[in-house]
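Chemist: model this:
(2 chains)
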Amino acid sequence: MSAMIRLASLLRPASIAPAIVVLASVLASCGGGGGDACAGRLTVYSGRTEALVAPILDRFNEESDVDVCVRYGDSAELALLIDAEGDRSEVDVFISQSPGAIGFLAGRDRLTPISDATLGLVDERFRSPAGLWVGLSGRVRVLVYNTDLVDPATLPTSALELTGPAYRDQVGLAPTNGSFQDFVTAARQQIGDAETLAFLEGLAANGAQSFANNTAIVEAVGRGEVPYGLVNHYYALQARRENPDLPVANHFFSDGDIGKLILVTAGGVVATSDQSDEAEVLLQFLLGAESQSYFSQQTLEYPLAAGVAPSGELADQPLAGISGAGGDLASLGGELETTEELINQSGLGR
Amino acid sequence: MPTQSRPVDQGEARRALARRTGSQGVRGVRGSRLVERRAPRSLITASIAVAVLFAAPFVYLVWRNVELGADLGEVLGDEITHTALRHTLTLAAAVTLAATALGTTLAWLVVRTDLAGRRVWSAILPLPLVVPSFVGGLALLAAFAPGGLVAEVLQPLGIETPDVRGFSGAFTVLTLLTYPYVYLPVSARLRALPSSIEEGARALGRRPFAVFRTVVAPQIAGSVWAGALIVFLYVLSEFGAVTLLDYTTLTTQIDRAKLFDPSAAAVSSLLLGLLALACVSAERIVTRRRLPFEAVSTAPVRPAPLGRWKPVATGFMAAVVGLALLLPVAVLGLWTSRGLTGDRLGGDGVGSEGVGSAAWNTAWVSVVASVVTVGLVLPLAFLAGRYRSRASGPASVVVTAGFALPGLVIALAIVAWTLQTSVGAALYQTFPMLVLAYVVHFGAQALRASQVAVSAVPGRLDDAARSLGARRWRRLRTIDGPLMLPGLVTGFGMVLMSTMKELPATRLLAPIEFSTLATEIYGNAGDGFYARAGFRSLLLILVSGVLTWALVIRPQRPPELVP
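Modeler: Got it, this is the predicted structure:
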């Protein structure tokens, strides 16, 4: 108590400003310099969460001559940050959870083209046509359903059926979430703006319920709050990994249906990077056999390169059949404002 | 002066004095702090510097709108903007009313009545402030949504749980998590207030509630207002719970447009900023007339007997703590336990490796940020509380209103400003820069609490000491320091807990590879790693509990109660 009083007595108005300056400089000296924190290392901003990618980045540190220095965050926020940093950015590689966020940076000229040697590791469906980013793993859009409430024999073959009376008030989706926005962009490229809008309006008119994000939908489907949800396949698998009793399962729509689209996680090299060679080494490592096996077996996603096969239930859904029948995922990230307008216009998420 | 024997009526006396001497004040009159002295120039300079710092995000927002050529008319004319605006204001007003009532009631019960276990309650009641709102929202859904843990138990009994999504869910979660913003300053104020008048009123046969209404309420009004405004601004900026519970507000609109329609996001952010400035200015006008009370006491407090209401009061406290704290803790515990049994992605299921450094980072940066924040806003609190200065009004408004801006906006504003110069760039993403971001984000909480603290020092005490020859430093040590301590510690505590759960600024501005519990909680929850998120959330509540107890509750323990 008396110590606190003595402390408080130091808080004299006139002495505060210098005290703050002193304190700040002490902190600056013990907090380490900003730009130097990653000196000699490759700076990575990762929109993919630490639990998913840190293990494979640790392997990269062991295997290669390059060490990485990583900031984890939300893909959209990190993309905005790299954009705000502009010419002063010291980031070398951006790893994005979704094509939308990295497409945003591509559209803002914040990425530098990747070499053909790296791009060539994946099918052209999974990379930017301008060579600005490359897919690293894939998540496919599915219908998640509650296994206690739904007879698997009655599941739809097309997402378009979800606008029908059988699904009135039965479907959960996340209209303001990045993955749904990316899904709509992909759908636009496949069936055009007019039909996409009609589909979204159909969902809204059919009482589709909106949720914050994929995990919230899977939780709600698990509780039985809604029987169905439009999500990426990853979330039900992860939810069951932690809670094997959760009554949720993924249902894949038919090959070629707009409901069965693949959304890639992607990597790109930031335009201001002075270590673009090392950056390519990292991207190539992430597309190598070890990383792709890791994505297949540990993060439960589609591997995109090195001939690695998908594992678990994905093994029955070969990549060749997905992709949204030639949907040009490469241009995802362009014209995204229209996507946002269509979702708004449809009345979803109000 | 006859009023000197009636300490709580100082305000009235000063008003009378002010009337007699005209609106220009009572320069040099002993016994009054009102407009008595010209502020020292250093104090004015420091206050203006602080205000400039806090104005930075607002200036950034204006610049951003201009840069993007944002079409204000189009966004403002959009129906969804009207919905968002209406929702934002409705939610903020409703939560403010409820949290203010709740926080004030709890403070009075804990500090002034003979409720059992007051010391335990006083340690637990501030803690909901540290529960991240999206964690609170997740817990509410897990328990009360159709098919949820509690709903499953109640349904066979024929009890339908209320709809927890949309307004009702957001209202419930935010009220339960924000009442400490009112509880903390009000309980600090009550502890410093003499109980003799209350005792007198009780001796004359007034019931506890009547005593509260007629005697206590006028004395704590300043602290209640201070807390209420903070709650209101917090709800304006709130993002986690409203998103999760699907309630469209200005912040959700900013979020959905931030990448794909940046100019719409810029307009919504500016709208939020202007709304905050307007509300804070309005609050100043409404409360300007009320002068700070000056009654303080270190005399023993005689608790008001609750009589047959005691079980009711205890049940009420238990219900609040149960919903606001135990329910989230139970859900978090369940998630954590699943990580220990289920299939795992490497490690031990809850990802305990490295969690120690995240906990340490959280504690360390929060304590530093809270001390710096209180220190930085104190000159402004002195200026506003003790002197008449044209600078203090606008400066206070800017500092306070900044709290309504979402953390992401503040973080991006700081990025834009610091990278303008090479000096700033050298500080970019360093520890001091992160602390600066917290200061700008949470300065409002410290300012309000500090203003209450400054006003808690009776001018006549200081003046008496001066006339007896005590120098400034000695007066601060023996008079101002001890009397201001409860208020300052309250501000410190609120900033501490806000910082511990802060997310967007931490993610963007922390030194690279510097993770906190909050960043790890959110990152893990977003990809379905609930066991890891739950484990870290429990740790966050534990760490904040220990820090709050050691640094906030214990130092301002009330004078020993008379049994």
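Chemist: Would you indicate which residues of stretch B:309-320 are buried?
Modeler: For stretch B:309-320, a neighbour-count test (16 or more other CB atoms under 10 Å in any protein chain shown) marks B:309, B:313-314, B:316-317, B:320 as buried. Quick note: C-beta positions are derived from backbone N, CA and C, even for glycine.
Chemist: Nearest to chain A among these?
Modeler: Closest approach between the buried residues of stretch B:309-320 and chain A, by CB to the nearest CB: residue B:320, at 25.6 Å.
Chemist: my read: the closest one touches residue B:176, true?
Modeler: Yes - counting by CB atoms under 8 Å, residue B:176 is a contact partner of residue B:320 at 7.3 Å.
Chemist: what's around the closest residue to chain A within chain B, how many residues?
Modeler: Distance from chain A to each residue of chain B (CB to the nearest CB) is smallest for residue B:431, at 2.6 Å. Number of residues near residue B:431 (other CB atoms under 10 Å in any protein chain shown) recorded here: 25.
Chemist: Which pLDDT value does the model give it?
Modeler: Residue B:431 is assigned 94 on the pLDDT scale.
Chemist: Looking at the buried residues of stretch B:309-320, which are in helices?
Modeler: Among these, the residues falling in helices (DSSP state H) are B:313-314, B:316-317, B:320.
Chemist: Dump these to JSON lines, plus pLDDT and distance to residue B:407.
Modeler: Shown next, in JSON lines, are these (pLDDT from 0 to 100; distance: CB to CB, whole Å):
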{"residue": "B:313", "pLDDT": "91", "distance to residue B:407": "37"}
{"residue": "B:314", "pLDDT": "92", "distance to residue B:407": "37"}
{"residue": "B:316", "pLDDT": "94", "distance to residue B:407": "33"}
{"residue": "B:317", "pLDDT": "92", "distance to residue B:407": "32"}
{"residue": "B:320", "pLDDT": "94", "distance to residue B:407": "27"}
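Chemist: How is chain A divided into domains?
Modeler: Per the record, chain A has its domains at A:42-138+A:263-317, A:139-261+A:339-346, by automatic domain parsing.
Chemist: circling back to that earlier point, any chance of the ones in helices among the buried residues of stretch B:309-320 in JSON lines, plus distance to residue B:496?
Modeler: Output for those, formatted as JSON lines (distance: CB to CB, whole Å):
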{"residue": "B:313", "distance to residue B:496": "28"}
{"residue": "B:314", "distance to residue B:496": "28"}
{"residue": "B:316", "distance to residue B:496": "27"}
{"residue": "B:317", "distance to residue B:496": "23"}
{"residue": "B:320", "distance to residue B:496": "21"}
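Chemist: which one of the domains of chain A lies closest to chain B?
Modeler: Smallest distance to chain B across the domains of chain A (CB to the nearest CB): 3.1 Å, for domain A:139-261+A:339-346.
Chemist: Go ahead and flag the most central residue of the chain.
Modeler: No chain was given, so I picked chain A. Residue closest to the average C-alpha location in chain A (CA atoms, centre = their mean): residue A:97, at 2.1 Å.
Chemist: meant chain B, my bad for not saying
Modeler: Most central in chain B (CA atoms, centre = their mean) works out to residue B:181, at 4.1 Å.
Chemist: Please report phi then psi for it.
Modeler: phi -60, psi -30 (degrees, to the nearest 10).
Chemist: and the gap between it and residue B:104?
Modeler: As for residue B:181, its distance to residue B:104 is 11 Å (criterion: CB to CB, to the nearest Å).
Chemist: Quick check: which ranges of the stretch 51-200 of chain B have low pLDDT?
Modeler: For the stretch 51-200 of chain B, no stretch is flagged by pLDDT under 70.
Chemist: To what extent is residue B:135 buried, counted in neighbours?
Modeler: By other CB under 10 Å, neighbour count at residue B:135 equals 29.
Chemist: what do you get for residue A:205?
Modeler: 12.
Chemist: Residue B:415 too?
Modeler: For residue B:415, the neighbour count with other CB under 10 Å is 25.
Chemist: Quick check: closest non-adjacent residue to it.
Modeler: Distances taken as CB to CB, 6 or more residues apart in numbering or on different chains place residue A:84 nearest to residue B:415, at 4.7 Å, with adjacent residues excluded.
Chemist: For the stretch 251-350 of chain A, which residues are neighbours of chain B?
Modeler: A:298-299, A:336-337, A:339-341, A:344, A:349-350 (CB under 8 Å from any CB of the partner chain).
Chemist: separation between residue A:298 and residue A:238?
Modeler: On the measure of CB to CB, residue A:298 and residue A:238 end up 11 Å apart.
Chemist: okay, the two: which has more neighbours?
Modeler: residue A:238 (23 against 14).
Chemist: secondary structure element for that one?
Modeler: helix A:234-242 (DSSP states H and E).
Chemist: pLDDT-wise, which helix or strand of chain B ranks last?
Modeler: Taking all helices and strands of chain B together, the one with the lowest average confidence (mean pLDDT, DSSP states H and E) is helix B:10-21, at a mean of 44.
Chemist: Which secondary structure elements does the helix or strand containing the residue nearest to residue B:415 sit against?
Modeler: According to DSSP H and E, residue A:84 maps onto helix A:75-85. The contact analysis (3 or more CB pairs under 8 Å, 6 or more residues apart in numbering or on different chains; DSSP states H and E) places helix A:75-85 against strand A:42-46, strand A:93-96, helix A:99-107, helix B:407-418, helix B:504-509.
Chemist: Now render the ones you listed as JSON lines, adding mean pLDDT and distance to residue B:237.
Modeler: Shown next, in JSON lines, are these (pLDDT from 0 to 100; distance: least, CB to CB, whole Å):
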{"stretch": "strand A:42-46", "mean pLDDT": "97", "distance to residue B:237": "25"}
{"stretch": "strand A:93-96", "mean pLDDT": "97", "distance to residue B:237": "27"}
{"stretch": "helix A:99-107", "mean pLDDT": "89", "distance to residue B:237": "23"}
{"stretch": "helix B:407-418", "mean pLDDT": "94", "distance to residue B:237": "8"}
{"stretch": "helix B:504-509", "mean pLDDT": "94", "distance to residue B:237": "11"}
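Chemist: so which of those comes closest to residue A:126?
Modeler: Closest of the helices and strands packed on helix A:75-85 to residue A:126 is helix A:99-107, at 9.5 Å (criterion: CB to CB).
Chemist: Next, the angle helix A:75-85 makes with the closest one.
Modeler: Computed by axes from the mean of the first three to the mean of the last three CA atoms, to 10 degrees, the angle separating helix A:99-107 from helix A:75-85 equals 10 degrees.
Chemist: now helix A:99-107: how far from the chain's centre is it?
Modeler: Offset of helix A:99-107 from its chain centre (CA atoms, centre = their mean, to the nearest Å): 11 Å.
Chemist: can you list the residues that contact the very next helix or strand once past it?
Modeler: Following helix A:99-107 in sequence order, the next helix or strand is strand A:111-112 (DSSP H and E). Outside of strand A:111-112, the residues within contact range by CB atoms under 8 Å, 6 or more residues apart in numbering or on different chains are A:94, A:102, A:105, A:132-133, A:268-271, A:273, A:276.
Chemist: give the contact list for the nearest residue to residue B:427 once chain neighbours are set aside.
Modeler: Nearest residue to residue B:427, sequence neighbours excluded (CB to CB, 6+ apart): residue B:433, at 4.9 Å. By CB under 8 Å, 6+ apart, the contact set of residue B:433 is A:34, B:414, B:418, B:427, B:509.
Chemist: Now do the closest residue in space to the second one that isn't next to it in sequence against residue A:222, distance only.
Modeler: With CB to CB, 6+ apart as the measure, residue B:437 is the residue that lies nearest to residue B:414, at 5.4 Å, once sequence neighbours are left out. Applying CB to CB, the value for residue B:437 to residue A:222 is 37 Å.
Chemist: out of those two, which sits in the busier spot?
Modeler: residue B:437 (26 against 23).
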